[in-house]
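Enquirer: Sequence below, structure please.
(chains A and B)
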Amino acid sequence: MQIYLPIAEISLNVFLLLGMGGAVGFLSGLFGVGGGFLMTPLLIFTGVPPAVAVATEANQVVAASVSGVLAHWRRGNVDFKMGAVLLVGGVGGSAFGVWLYSILRGLGQLDLVIALSYVIFLGIIGSLMLVESGRAILRKRNSGAGARKLHQHTWLHGLPFKMRFRKSKLYISALLPLLIGFLVGILSAIMGVGGGFMLVPAMIYLLGMPTITVVGTSLFQIIFVTATVTFLQAAHNQTVDVMLALILLTGSVIGAQFGSRFAGRLPGEQLRGLLALMVLAVAIKIIFDLVTQPADLFSLGTAGGG
Amino acid sequence: MIRGFLHRAVLAGFVLAGVLVASMMQQARAQQVVADLSRHLVAITTGFIGTEVLLFGATDGDGDVVVIVRGPDRREVVRRKDRIAGIWVNAGQVSFNAAPAFYAVATSRPVTEIVPQRLLARHRIGTDNLDLRPGAAVDAKLLAEYRAGFIRNKVRKGLYMEKPGGVTFLGNRLFRTNLYFPANVPTGTYTVEVLQVRQGRVVSAQTTPLLISKIGLGAEVYRFAHRYSAFYGIIAILIALAAGWTAGAVFRKA
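Expert: Modelled structure (predicted):
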């Protein structure tokens, strides 16, 4: 059954979209990842204009993060103060990102920047995950847990504007979470992702937050940042397709439910390795598209600003 | 009394019919080609996957028929990729100030056999004869490349087409052709021009409008997104929040 997407201005099969939503939702339920970094490239591969894919996916991540944050909130794992500081940076970053996005679109370089951003981030994250899961598998075989240092003092702790974050048991400069929020906000606007894959490691390794508050707090900030991105993209570029977002959402909600049920039963490390391979495969496909000579060197563009 | 009235009414009817027939004959003499579309409105609804519109008509006898469909003119940009540091990047662009968003030509015989080059250019018959003017001055050789690239892309998207032999005659007076509009057809007011060509001369012509418009839910969404874009953004967020909340509630029960 074909459905005409009013903003993307193409017809796509509803079941294909539901299936994509379901598959990515399943993975996000299984691994607790946002899924935006898989969904946006998939949408682009199916022919949705990259500009629309990115903006619409930000809208979908809002919904996915809300349903995720509720569970963490109930358990009291959200550091609202840290979330708010990240958020201030995130809103600034996403505003800057959306501005950059419309400039690049006018120049005809938006698709390229989206593709390159994906290659870089999917490549880095895929490789890190692969190494990490490989190590974990080896460690299990050798048995004997590697202990990690709990707290380290670096130059980062000498920055001004120190703030106390009770929930995370931290006393650090507010500049650091502001900057992290800002950078993730830019990524969110240009790549149509929540940015959890960047935010979570940054919170753990750079801020030194306890793992238990990291996921809830990152989801909390992602809701607001993706909501800001959705609003700005809709208001400034008119590229948010509500119809597409709703279809993807339906699929991903159902998929996520199955995914989270399976999560306990399957061997985690092997699966994580598999996810890493998938992420790398997507990155390689994008690289392949960039380096092979296109069938036609000429392409139609959007006239200045849309 | 009543009978007298009836007589007069019938008489008046005959006179009226006679006048009508006479005027129609006069019109037919002045206009040797008449054509119409099976519909004058193509509605892009939620299930739209492209559509065909039938054009049918009659000529006064011999000659060929050329049908030209033009969408609204707009500024179009064509970009050229070059290899930079191993990857293919948009490196140059040319914009055309007023290119038809959609363009199709159907003829009853290969167009070069029925119309001389001079007329092809004048009536803008065929994609080679479109009046595409660049927004800024471009080197002529380069412009030709961009122009060809632009037309090739439009043809691939199904937005420009040439169908020699697309017009079929039934007998030697009635003709028909199917005009195809793909799913990605731009909206706006189209003109459908029908030319009758005899011995290399256009002897008669007729123009019919065709409206292509988004209708239904999809159209409302599009219009809303462009007219009240800030409000649309807020609604998009609210929908996502509601959907996420609902999903969260379902998760809790499960």
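
Enquirer: and residue A:115, how far is that from chain B?
Expert: To chain B, residue A:115 is 9 Å away according to C-beta to the nearest C-beta, to the nearest Å. Using the backbone N, CA and C atoms, a C-beta is placed for each residue, glycine as well.

Enquirer: host element of the residue of the stretch 101-250 of chain A found nearest chain B?
Expert: Residue nearest to chain B within the stretch 101-250 of chain A: residue A:234 (3.1 Å; C-beta to the nearest C-beta). Using DSSP states H and E, the secondary-structure element containing residue A:234 is helix A:211-237.

Enquirer: what's the angle from the next helix or strand after that helix to helix A:211-237?
Expert: Of the helices and strands lying after helix A:211-237 in sequence (DSSP H and E), the nearest is helix A:242-263. With axes from the mean of the first three to the mean of the last three C-alpha atoms, to 10 degrees defining the directions, helix A:242-263 sits at 170 degrees from helix A:211-237.

Enquirer: who does helix A:242-263 touch, helix- and strand-wise?
Expert: Helix A:242-263 sits against strand A:2-5, helix A:14-31, helix A:36-45, helix A:50-74, helix B:217-227, helix B:229-253, with contacts defined as 3 or more C-beta pairs under 8 Å, 6 or more residues apart in numbering or on different chains; DSSP states H and E.

Enquirer: Please work out which of the ones you listed is packed deepest.
Expert: Of all these, helix A:50-74 has the most neighbours on average by mean count of other C-beta atoms under 10 Å in any protein chain shown, namely a mean of 26.

Enquirer: could you give the mean pLDDT of it?
Expert: For helix A:50-74, the mean per-residue pLDDT is 85.

Enquirer: Quick one: check that helix for contact with chain B.
Expert: Yes - Helix A:50-74 lies within reach of chain B by C-beta under 8 Å from any C-beta of the partner chain, at A:59-60, A:62-68, A:70-71.

Enquirer: mind listing the strands for the stretch 51-200 of chain B?
Expert: Assigned by DSSP state E, counting those that start in this stretch, the strands in the stretch 51-200 of chain B fall at B:51-58, B:64-70, B:73-84, B:87-100, B:103-107, B:160-164, B:168-170, B:174-181, B:188-198.

Enquirer: Where does pLDDT dip in the stretch 1-150 of chain A?
Expert: By pLDDT under 70, the low-scoring segments of the stretch 1-150 of chain A are A:32, A:142-150.

Enquirer: Alongside chain B, which residues does it contribute?
Expert: A:1-7, A:9-11, A:59-60, A:62-68, A:70-71, A:108-109, A:111-112.

Enquirer: picking that back up, residues near the residue of the stretch 101-250 of chain A closest to chain B, how many?
Expert: 29 (other C-beta atoms under 10 Å in any protein chain shown).

Enquirer: one step back: mind putting the strands of the stretch 51-200 of chain B in a markdown table, mean neighbour count, mean pLDDT and distance to chain A included?
Expert: Conversion of the strands of the stretch 51-200 of chain B to a markdown table gives the following (neighbours: other C-beta atoms under 10 Å in any protein chain shown; pLDDT from 0 to 100; distance: least, C-beta to the nearest C-beta, whole Å):
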| stretch | mean neighbour count | mean pLDDT | distance to chain A |
| --- | --- | --- | --- |
| strand B:51-58 | 17 | 92 | 12 |
| strand B:64-70 | 23 | 92 | 18 |
| strand B:73-84 | 17 | 89 | 4 |
| strand B:87-100 | 18 | 88 | 4 |
| strand B:103-107 | 24 | 93 | 14 |
| strand B:160-164 | 18 | 91 | 11 |
| strand B:168-170 | 12 | 90 | 29 |
| strand B:174-181 | 19 | 93 | 13 |
| strand B:188-198 | 20 | 92 | 13 |
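
Enquirer: if we can go back for a sec, can you put the helices and strands packed on helix A:242-263 in a markdown table and add distance to residue B:76?
Expert: Listed next are the helices and strands packed on helix A:242-263 as a markdown table, based on distance: least, C-beta to C-beta, whole Å:
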| stretch | distance to residue B:76 |
| --- | --- |
| strand A:2-5 | 22 |
| helix A:14-31 | 29 |
| helix A:36-45 | 22 |
| helix A:50-74 | 17 |
| helix B:217-227 | 19 |
| helix B:229-253 | 23 |
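
Enquirer: Compare the ones you listed and report which one is nearest to residue A:130.
Expert: Across the helices and strands packed on helix A:242-263, residue A:130 has its closest neighbour in helix A:14-31 (13.7 Å, C-beta to C-beta).
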